[in-house]
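> Okay, sequence plus prediction incoming.
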Amino acid sequence: MELTLTLCLPRDAASVPLARTVASDVLATVGFVRDEIHDVELALSEACGNVIRHSDAGDAYEVHLKVRGDVVSIDVEDKGPGFPDRMLSGPDGEAAGDAETGRGITLMRALVDELRFERAHGDGSIVRMVRTLHPEAGSPAEQLLIAGR
């Protein structure tokens, strides 16, 4: 099973709950465990909120949601000034950061299995979050995962 969804959103605070709701609804419809979906929602909200706070006025941003089997990956890509070099992910895939970056990165790191910060093509940044989710019993996700084995 593979599902891909892209949202092109304005840099506006109202876009954050929209991105969160769409992602949550997609993952719930597929049939993943609700508590795990909440973790993904919170991490996505933080990443989108960072776009609102740190990218340039008027810039749009994109949320790319991909479900492949039981793994969900979400890229939040903006066209802002980009991350300082100290923020970019290291060779081990861990996001760099220090006390000056706030608690959002720590929160996102705790909620997902993998968190990466990368430069987008041209100007901008990509926050990549990856999380393995468990299917609810009897859900389409469970049936598709069983069929794929």
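Received it, and whenever you're ready, just let me know what you need. A quick note: this is a predicted structure, and the numbers were derived from the prediction, not measured.
> Distance from the longest helix along the chain to the middle of the chain?
If you go by DSSP state H, the chain has its longest helix at helix 34-54. Put simply, helix 34-54 sits 7 Å off its chain's centre (CA atoms, centre = their mean, to the nearest Å).
> Only the buried residues of the next helix or strand after that helix, if you could.
Of the helices and strands lying after helix 34-54 in sequence (DSSP states H and E), the nearest is strand 60-68. Within strand 60-68, the residues that count as buried by 16 or more other CB atoms under 10 Å are 61-63, 65, 67. Where C-beta positions appear, they are placed from N, C-alpha and C, glycine not excepted.
> Looking at these, which is nearest residue 18?
The closest of the buried residues of strand 60-68 to residue 18 turns out to be residue 63 (CB to CB; 9.4 Å).
> which residues sit in contact with the closest one?
6-7, 9, 19, 23, 44, 48, 74-77 (CB atoms under 8 Å, 6 or more residues apart in numbering).
> quick one, phi/psi of the residue positioned nearest the centre of the chain?
For the chain, the residue sitting closest to the mean C-alpha position, by CA atoms, centre = their mean, is residue 74 at 3.4 Å. Here is the backbone geometry of residue 74 (degrees, to the nearest 10): phi -130, psi 130.
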